[in-house]
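Novice: Return a 3D structure for these sequence lines:
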Amino acid sequence: MLCLETWYFQMLVLIAGLLKDPELALASLAVCMTISEWVLMIPLGFYTTTSVRVSNELGAGNPKSAALSVVVVTMLSFVLSVIISVVIQLFNDYISYIYTGGEHVAVAVSKLTPLLALTIILNGIQPVLSGILEQ
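Specialist: Predicted coordinates for the structure are as follows:
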């Protein structure tokens, strides 16, 4: 699944390069992808721990405890993703200045933050559920 996501991001870079202002498109996409990948590290940590926890509980013959672990970690990851998305939306005019000083790029990133927030929420749930399926 992570391989598909990597390919997806690579295709976005190629497509952004075909837009009418490719420098601005690629710069704003790079800022959004960097933020997304930084935030993705939290669900990836949950991905690993969920896989181990569910495997251990199922191996010990505790399916109810494994199911509870799945619910708790999925909800925790979802709530954290929503909080991070809200923070990004609140600071959408300022967050891009961490990575760039260009005014045009900052404006473009602030226009992309609703999509970035949605991506962060979806990427907050997907790795955790993948970790459950992988064990």
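Novice: Dihedrals phi and psi, the residue of the chain most remote from its centre?
Specialist: Most distant residue from the mean C-alpha position of the chain: G61, 32.8 Å away (Cα atoms, centre = their mean). The phi and psi torsions at G61 (degrees, to the nearest 10) take the values phi 80, psi 30.
Novice: K20 now?
Specialist: phi -70, psi -30.
Novice: From E103, how far off is it?
Specialist: Separation of K20 from E103 (Cβ to Cβ, to the nearest Å) stands at 19 Å. No exception for glycine: its C-beta is placed from N, CA and C like everyone else's.
Novice: ranges for the strands of this protein?
Specialist: For the chain, no strands turn up when DSSP state E is the criterion.
Novice: Looking at it, which helix is longest?
Specialist: Ranked by number of residues, the top helix in the chain under DSSP state H is helix 22-59.
Novice: the more surrounded of K20 and E103?
Specialist: With neighbours defined as other Cβ atoms under 10 Å, K20 and E103 compare such that E103 has more, 10 against 6.
Novice: any idea how far Y94 is from L14?
Specialist: Taken as Cβ to Cβ, the span from L14 to Y94 is 29 Å.
Novice: An error on my part: the question was meant for A25.
Specialist: Counting by Cβ to Cβ - A25 and Y94 are separated by 21 Å.
Novice: Which one's more surrounded, those two?
Specialist: A25 (20 against 10).
Novice: Please give me every residue in contact with the more buried one.
Specialist: A16, G17, L19, A108 (Cβ atoms under 8 Å, 6 or more residues apart in numbering).
Novice: Can you check the pLDDT for the nearest residue in space to V82 that is not next to it in sequence?
Specialist: Computed as Cβ to Cβ, 6 or more residues apart in numbering, the closest residue to V82 that is not its neighbour in sequence is I121, at 6.0 Å. Note on I121: pLDDT of 93.
Novice: Tell me which other helices or strands the helix or strand of the chain at the bottom of the mean pLDDT ranking touches.
Specialist: Lowest on mean pLDDT, DSSP states H and E among the helices and strands of the chain sits helix 2-16, with a mean of 79. Applying 3 or more Cβ pairs under 8 Å, 6 or more residues apart in numbering; DSSP states H and E, one finds that helix 2-16 contacts helix 22-59.
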